[in-house]
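Peer 1: heads up, no residue letters with this:
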């Protein structure tokens with residue numbers, strides 16, 4: 001008998017015989033359990049940050065270099081024409097109702113036209129609008145992977161990939177990036193991880209948290225690995241085209257000959273409006289390797305909710321067509337940098353290091369443990385210049401106090 005239930009004997013007569021049946025009548029107590037998916041969902045950034053003991057120096061105002069949100073300090077506003085497009089969409093009163101789950105046709109056409117190129121022509125049918133790039137990544141993983149599959153994820157890399165995969169019961173295999181080679185992928189290590197259950201390779205370029213931008217040659221090498229093993233690619237390109245002068249960004253979709261690619265992007269970073277929650281999946285599949293099943297699967301998954309904000313969809317045509325090039329150029333100082341902390345032996349790990357940095361200097365950086373890369377921390381450089389200079393001055397002072405060279409003849413930190 002289940003201890004949570006109470007059973008009562010019921011005596012009745014049938015065909016002249018006495019029968020006894022046990023009837024469940026009620027529970028002794030509530031027994032409500034969270035779902036397996038919710039129990040398996042963990043955001044490493046939130047877990048690490050929420051568990052930190054942060055006590056800022058009361059003599060120094062707090063400077064947070066931890067949040068990848070370009071709007072926090074209000075020094076990087078979006079363009080006036082972007083705002084006007086939103087106002088016009090609201091005033092038109094045409095976008096107050098439900099939209100198709102994949103997005104309005106004209107909005108999808110605008111994205112297709114914006115990213116189309118001779119090497120990879122796009123149509124509206126190749127675009128699905130989503131609630132931010134995060135949902136785009138979730139849909140892409142969900143359509144490509146089953147519970148028993150595995151995906152290949154960069155290390156260090158954006159923590160959302162593992163959060164989503166773990167919640168779906170998908171195994172994550174971390175492939176190494178090489179700091180001494182501008183964080184390029186260790187292709188030999190990547191290839192060694194592939195097996196018959198590998199169904200997706202995630203490539204993040206430009207990289208969060210590394211700030212690297214892969215060369216055309218390196219991207220072609222990645223595509224070659226994927227082609228040899230017939231592995232589709234999820235290309236996280238939310239920072240696409242946000243590169244410093246002298247660097248060039250190449251979309252994987254524009255370079256791929258036979259590898260099918262789901263490219264995920266959105267308005268958040270390039271247009272400085274992360275809270276507007278407008279993202280998209282662009283399907284690059286010139287050889288029809290996805291067939292109809294993946295496209296149909298994405299449509300079905302998009303129908304689980306009602307998709308991206310209709311007001312932003314209504315403004316999307318004007319945003320993509322009318323934002324001036326000078327706006328993009330002026331915001332290309334978004335990249336994030338990492339600082340190694342191996343030469344600070346008094347600290348147990350990067351969490352300990354960053355906690356002490358807050359306590360002594362009131363500067364908060366994100367421990368790279370959140371990116372599966374301990375002994376580093378990440379800083380975001382979207383703060384106002386004078387604040388960034390002050391933060392760097394404090395970090396320098398902190399490092400000069402605590403730095404210990406690895407070798408006896410090493411030089412002390414002098415800059």
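Peer 2: Right, received. Where do you want to start? Computed from a predicted model, the values in this text were never measured in an experiment.

Peer 1: so the residue nearest to residue 216 when sequence neighbours are not counted, which of the three states?
Peer 2: Closest residue in space to residue 216, ignoring its immediate chain neighbours: residue 250 at 5.1 Å, by Cβ to Cβ, 6 or more residues apart in numbering. All C-beta atoms are positioned from the backbone trio N, CA, C, and that covers glycine. The three-state assignment at residue 250 reads coil, by DSSP: H, G, I helix; E, B strand; the rest coil.

Peer 1: Spit out the contact partners of residue 250.
Peer 2: 214, 216, 219 (Cβ atoms under 8 Å, 6 or more residues apart in numbering).

Peer 1: next one: residue 105
Peer 2: So residue 105 contacts residue 124 (Cβ under 8 Å, 6+ apart).

Peer 1: Quick check: it vs residue 331, distance?
Peer 2: 30 Å (Cβ to Cβ, to the nearest Å).

Peer 1: One more: residue 69?
Peer 2: Relative to residue 331, residue 69 is positioned 13 Å away (Cβ to Cβ).

Peer 1: same check, this time on residue 292
Peer 2: Taken as Cβ to Cβ, the span from residue 292 to residue 331 is 39 Å.

Peer 1: the more surrounded of these two?
Peer 2: Neighbour count, other Cβ atoms under 10 Å: between residue 292 and residue 331, residue 331 has more, with 19 against 8.

Peer 1: ok, the more buried one touching residue 272?
Peer 2: Yes. Assessed by Cβ atoms under 8 Å, residue 331 is found in contact with residue 272 at 6.4 Å.

Peer 1: which residues do those two both contact?
Peer 2: Taking Cβ under 8 Å, 6+ apart as the contact rule, residue 331 and residue 272 both touch 70, 76.

Peer 1: I'd guess residue 235 is in a helix, am I close?
Peer 2: No. Assessed with three-state DSSP, residue 235 is strand; it does not lie in a helix.

Peer 1: Tell me who's in contact with it.
Peer 2: By Cβ under 8 Å, 6+ apart, the contact list for residue 235 reads 203, 205, 251, 252, 253, 261, 262, 263, 264.

Peer 1: do the same with residue 182
Peer 2: By Cβ under 8 Å, 6+ apart, the contact set of residue 182 is residue 212.

Peer 1: Distance of it relative to residue 218?
Peer 2: Distance from residue 182 to residue 218, by Cβ to Cβ: 9 Å.

Peer 1: again, but for residue 167
Peer 2: 31 Å.

Peer 1: do the same with residue 29
Peer 2: 59 Å.
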